[in-house]
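K.L.:
fold the following for me, if possible:
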Amino acid sequence: MTPVFELTAASVHFGRATTAVRALTEVTLKIHPGERVALVGANGCGKSTLLRLLHGLAAPTAGQAGCAPGVQQAMVFQRPHLLRLSVQSNIALGLWLRGMPWGQAKVLALAALVRVGLIELALRPARKLSGGQQQRVALARAWALNPQVLLLDEPTASLDPHAKREVEALIDEFASAPSRMTLVFASHNLGQVKRLASRVIYLERGRVLADLPVHDFFSGPLMQSQYPAAHLFVRGEVG
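P.N.:
Numbering: from 1, shown residues only. Here you go, the predicted model:
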């Protein structure tokens with residue numbers, strides 16, 4: 001199966017050569033269609049940079065980073081950026097920028113709001129919504145683009161427990177659709193990782209130190225001996 005993403009010794013450094021910050025160092029991995037990949041690790045370990053690299057928002061300083069041709073992607077950030085427009089127009093604008101007529105884009109935006117249970121807020125100013133509602137609008141905006149790959153950076157980090165459950169349920173529904181959307185998400189919530197992921201990548205200081213199926217990451221008999229840093233992270237002794 002052709003991978004959606006393929007990185008080969010990919011590094012990302014920020015700043016001048018003599019004082020560069022090494023956000024990622026020699027990361028090699030493949031992500032295949034339909035996988036649900038969780039990126040975990042302490043703050044500053046490189047999760048967000050890896051997501052940006054996959055999405056094309058960052059370029060490798062060294063090595064290679066490739067995406068399969070023609071793959072449609074969408075990314076939702078931890079704090080979604082919403083314009084000073086109505087909820088409906090925030091969603092329709094992305095479709096319009098892709099070439100869809102405005103009237104058709106507004107109709108599809110309403111369908112996306114139905115999908116996330118926010119149709120009654122279509123005409124409300126998007127920036128007046130609660131954090132959980134804004135995150136659902138961001139997911140609706142991504143879903144409306146009909147992506148094959150959905151990238152999420154800490155999608156529930158700043159939400160209350162009820163909003164977290166709602167957003168997590170939507171992510172699960174999107175990834176479980178017959179089209180088998182590929183999901184790559186960063187999260188500090190290990191319970192969420194257990195519920196949503198099929199594979200876990202553990203990063204530390206910009207390096208991948210473990211890449212395992214979700215069951216092996218949390219319960220594998222060789223975790224402590226073969227992946228000691230990841231084992232300590234799961235035990236809550238790192239980060």
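
K.L.:
if you count neighbours, what's buried in the lengthiest helix in the chain?
P.N.:
The helix spanning the most residues in the chain, taking DSSP state H as the definition, is helix 161-176. Using 16 or more other Cβ atoms under 10 Å as the burial criterion, the residues of helix 161-176 that qualify are 163-164, 166-168, 170-171, 174-175. Glycine gets a C-beta too; all of them are placed from N, C-alpha and C.

K.L.:
Ile27: neighbouring residues, count only.
P.N.:
Slight slip there: residue 27 is Val, not Ile. Val27 is flanked by 24 other residues according to other Cβ atoms under 10 Å.

K.L.:
and the next helix or strand after the longest helix of the chain, how far from the chain's centre?
P.N.:
Scanning the chain past helix 161-176 towards its C-terminal end, the next helix or strand to appear is strand 182-186 (assignment: DSSP states H and E). Between the mean C-alpha point of strand 182-186 and the mean C-alpha point of its chain there is a distance of 4 Å (Cα atoms, centre = their mean, to the nearest Å).

K.L.:
what is the mean pLDDT for the helix or strand where Leu54 lies?
P.N.:
Secondary structure assigned from DSSP H and E places Leu54 in helix 47-55. Average pLDDT, helix 47-55: 96.

K.L.:
any idea how far Arg207 is from Thr156?
P.N.:
According to Cβ to Cβ, to the nearest Å, Thr156 and Arg207 sit 26 Å apart.

K.L.:
got the domain boundaries for this structure?
P.N.:
The record assigns the chain these domain ranges, following automatic domain parsing: 1-71+194-239, 81-142.

K.L.:
can you lay out those domains as CSV showing distance to Leu150?
P.N.:
Output for those, formatted as CSV (distance: least, Cβ to Cβ, whole Å):
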stretch, distance to Leu150
domain 1-71+194-239, 10
domain 81-142, 6
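
K.L.:
please consider this matter closed, and thank you.
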